[in-house]
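In: Sequence first, then the predicted structure:
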Amino acid sequence: MGVPTGRDGANSKIIPAPSASTDLAEGRRLRRVGLTATGGYVPDRILSNQDLEALVDTSDEWIVSRTGMRERRIVAPGEAASDLAVKAAERALEDSQLEAKDIELIIVATVTPDAICPPTACFVQEKLGVGPAAGFDISVACSGFANALSIGHNLIASGAFGNALVIGVDVLSAITDYQDRESCILFGDGAGAVVLEPEPGKGIILDHLLGIDGSGAEMIIVPAGGSRKPASHETVEAREHFLKLNGRQVFRFAVSKMREIVVELTKRNGMTVDDVDLFVPHQANLRIIESAAEKLNISEDRILVNIQKTGNTSAASIPMALDEAVRTNRLEPGNLVCTVAFGGGLSWGASLVRW
Ligand code: ACO
């Protein structure tokens, strides 16, 4: 079970997982991949529910009861995704045996890159002093880290790279409309990073389940600023460069999809939901997490929740929560960890890691 399966997609056929000794076409063997270090970072500036009360018609009581959030962090003017990513990566590297110059591959999952071009991975590479290295960004909204982890896992398992720095980072405050009370209360900024190497580390990565469904593309969208509707005076006046959200629809999708993919991922690995020691869900709404947990019959003590102080940080949410689990000693050797995300796209992704 310690290798990638090549079965990325909730609706894809179930193909038997290759064993650790499976030969690739080139005659190389798939290697087991360890998650050897974690790091997380949030900016200093706190945006509390009380601060939001001053911006829109809302209340601390409404936000806490509907989302579980009390505060979130947002960047200072001029601070960008790569600044947060570098801080998280430095913390992960401090926790590893590697130095920045040893890193061979950087994958950055984000929907809020420093700029549309070049990739944020390039800014991270330069600022960290990584390399020579390969690197790229991927954009799968809140499911970005799940996809980045799967890609990093597979590229190391195949022998294409010797290690990877996988980062989830988002500066959602850059695309949040602080005049829209339904969405502006939800989002925060942050970064999380993990180091992957072809050997047992803190955790052995077992499997991933990924998927998208574009029929829900309009549910979470930034309408302007892309090639369909390039930014113009009109789009800015219409506030179309901010994220638009159909909260109720996303809520229903999230609860049912989280349940579905956790059941399928554990089942195809010969496990059950009861075998999982710690769930690390995307921190989008406490009620979503609690509803999914109730449907899966998971007790509170088996779920990592830090949404109270982070808000929804999109691609950063899961690696930040994973780092918190590590640093607060929530994990013991042998524990089974299941991360589970959903988000814009619509998209979803879950991973299993044996600690
Ligand atoms: N303060 C006070 N009242 C509010 C606020 C607010 N901030 N926002 C909405 N309301 C009002 C609504 O106007 C509505 O009033 P009405 O009944 O008079 O029409 C009422 O509260 C209830 O609104 P609902 O939409 O039913 O509230 P709900 O309980 O669904 O909570 C929320 C809304 C928090 C947005 C929830 O639906 C949610 O969290 N959805 C998921 C969003 C999400 O996580 N997206 C993740 C992806 S983001 C990404 O990918 C980057």
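Out: Sure, I can see it.
In: Please count neighbours and contacts with C-alpha atoms only from this point.
Out: Fine.
In: Around the ligand, pick out the residues from the stretch 201-350 of the chain.
Out: Selection of the stretch 201-350 of the chain residues close to the ligand by Cα under 6 Å from any ligand atom yields 247, 248, 250, 251, 284, 285, 314, 343, 344.
In: which ones are touching the first one?
Out: This points to residue 247. 182, 183, 219 (Cα atoms under 8 Å, 6 or more residues apart in numbering).
In: same thing but 10 Å
Out: 182, 183, 219, 220, 253 (Cα atoms under 10 Å, 6 or more residues apart in numbering).
In: pLDDT score assigned to it?
Out: Listed pLDDT for residue 247 reads 91.
In: follow-up on the earlier one: tell me the one of the contacts of residue 247 nearest the ligand?
Out: Among those, residue 182 lies closest to the ligand (Cα to the nearest ligand atom), at 3.6 Å.
In: quick revisit: max pairwise distance over the residues of the stretch 201-350 of the chain next to the ligand: which two?
Out: Spanning the widest gap among those are 248 and 314, at 17.7 Å by Cα to Cα.
In: Looking at these two, which has the bigger crowd around it?
Out: residue 314 (34 against 10; other Cα atoms under 10 Å).
In: wait, that one sits on residue 167?
Out: No - in terms of Cα atoms under 10 Å, residue 314 does not count as a neighbour of residue 167; the distance is 12.0 Å.
In: joint contacts of these two?
Out: When Cα under 10 Å, 6+ apart defines a contact, the residues bordering residue 314 and residue 167 alike are 109, 110, 144, 145, 191.
In: What about these, which are in helices?
Out: The members of the shared contacts of residue 314 and residue 167 that map onto helices under DSSP state H are 144, 145.
In: Contacts (any at all) between the ligand and stretch 52-62?
Out: Yes - using Cα under 6 Å from any ligand atom, stretch 52-62 comes into contact with the ligand via 58, 59, 62.
In: Of the residues you listed, keep whichever come out buried.
Out: The neighbour count (16 or more other Cα atoms under 10 Å) marks 58, 59 as buried among the residues of stretch 52-62 next to the ligand.
In: Which of the residues of stretch 52-62 next to the ligand sits closest to the ligand?
Out: Nearest to the ligand among the residues of stretch 52-62 next to the ligand, with distances taken as Cα to the nearest ligand atom, is residue 58, at 3.6 Å.
In: nearest to residue 297, of the residues of stretch 52-62 next to the ligand?
Out: Checking these one by one against residue 297 (Cα to Cα), the nearest turns out to be residue 62, at 26.8 Å.
In: returning to what we had before: out of the shared contacts of residue 314 and residue 167, what pair is the most spread apart?
Out: Among the shared contacts of residue 314 and residue 167, 144 and 191 lie farthest apart (Cα to Cα), at 12.1 Å.
In: Quickly list what's touching both of the two.
Out: Common neighbours of residue 144 and residue 191 (criterion: Cα under 10 Å, 6+ apart): 109, 110, 167, 168, 169, 314, 315, 316, 317, 318.
In: Could you pick out which of the residues of stretch 52-62 next to the ligand are located in helices?
Out: Using DSSP H, those in helices are residue 62.
In: pLDDT added to the residues of stretch 52-62 next to the ligand, as a markdown table?
Out: Listed next are those as a markdown table, based on pLDDT from 0 to 100:
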| residue | pLDDT |
| --- | --- |
| 58 | 98 |
| 59 | 98 |
| 62 | 98 |
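In: Could you pull out the buried residues of the helix or strand harbouring residue 82?
Out: Using DSSP states H and E, residue 82 falls within helix 81-94. Buried residues in helix 81-94, counted by 16+ other Cα under 10 Å: 81-93.
In: next one: stretch 246-255
Out: Applying a neighbour-count criterion of 16+ other Cα under 10 Å, the buried positions in stretch 246-255 are 250, 253, 254, 255.
In: Also stretch 178-198?
Out: Across stretch 178-198, burial judged by 16+ other Cα under 10 Å covers 180-198.
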